[in-house]
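Student: quick one, what's the 3D model for this:
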Amino acid sequence: MFVDASALIAMLTDEDEARILAARLQASPKRLTTPQAVLEAIAAVSAHLSLPLEDTETAVKRFLDLLAIQLVSLPVQALPVAVAALARYGRAAGHNAALEPNDALAYAAARYYRMPLLYKGGRFAATDIEAA
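Tutor: Okay, here's the model as predicted:
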C-alpha cells in the first residue's frame, strides 16, 4: 500500500484513528511512501508536538524503518496523473475532496505504483482512489 502523509501524521501523533491505520498498515506486505509525504509528516508532527525539525526527522525515519515503509521516488510519468487529480478533485476545481497539491501527488503515487492508498480523513474518500 501507499502511505499518505495524513496516515503518517495520525499514527505518529496518536490521533483517534492511529490504531486502525496501524492495523491496516500491518496487514499489507508492501508499504511505500514518498519523500514529499515524509517531509509533510515531519513538518506537521514537529509543529504538533513542539519538537525541533531535526529531532522529528530522526523519529519519523525510525518509525518508517520499524514499520518497513520504503521511500520511493515519484517519477516524472506520474505528474500528469497528479495534475489531472488536482484538476478533477482539487480545491480550486470546487470539488468536495478539495485536494491540495501534496494530496494530488499522493494520489498519483498510489496510481503509479498500483497500490491502495492509506490515508486519514475524507478527502480521498471523495475521489476514485482505492482505499487501503
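
Student: for the rest of this, base every contact and every neighbour count on C-alpha atoms.
Tutor: Fine.

Student: where along this protein do the helices fall?
Tutor: All helices of the chain, identified by DSSP state H, fall at 5-12, 18-26, 35-49, 53-66, 79-89, 101-112.

Student: distance to Thr127, mean pLDDT and mean neighbour count for these - can I get that in JSON lines?
Tutor: Shown next, in JSON lines, are the helices of the chain (distance: least, Cα to Cα, whole Å; pLDDT from 0 to 100; neighbours: other Cα atoms under 10 Å):
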{"stretch": "helix 5-12", "distance to Thr127": "16", "mean pLDDT": "97", "mean neighbour count": "22"}
{"stretch": "helix 18-26", "distance to Thr127": "19", "mean pLDDT": "96", "mean neighbour count": "15"}
{"stretch": "helix 35-49", "distance to Thr127": "19", "mean pLDDT": "97", "mean neighbour count": "18"}
{"stretch": "helix 53-66", "distance to Thr127": "26", "mean pLDDT": "97", "mean neighbour count": "14"}
{"stretch": "helix 79-89", "distance to Thr127": "7", "mean pLDDT": "96", "mean neighbour count": "19"}
{"stretch": "helix 101-112", "distance to Thr127": "9", "mean pLDDT": "96", "mean neighbour count": "22"}
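
Student: closest to Phe124 out of these?
Tutor: helix 101-112 (8.1 Å; Cα to Cα).

Student: which other helices and strands contact the closest one?
Tutor: Where contact means 3 or more Cα pairs under 8 Å, 6 or more residues apart in numbering; DSSP states H and E, helix 101-112 is packed against strand 2-3, helix 35-49, helix 79-89.

Student: what helices or strands is the shortest one leaning on?
Tutor: When you say that, I think you mean strand 2-3. Packing contacts for strand 2-3, counted by 3+ Cα pairs under 8 Å, 6+ apart, involve strand 32-33, helix 101-112, strand 117-118.

Student: how about 10 Å then?
Tutor: Using 3 or more Cα pairs under 10 Å, 6 or more residues apart in numbering; DSSP states H and E, the elements in contact with strand 2-3 are helix 18-26, strand 32-33, strand 70-71, helix 101-112, strand 117-118.
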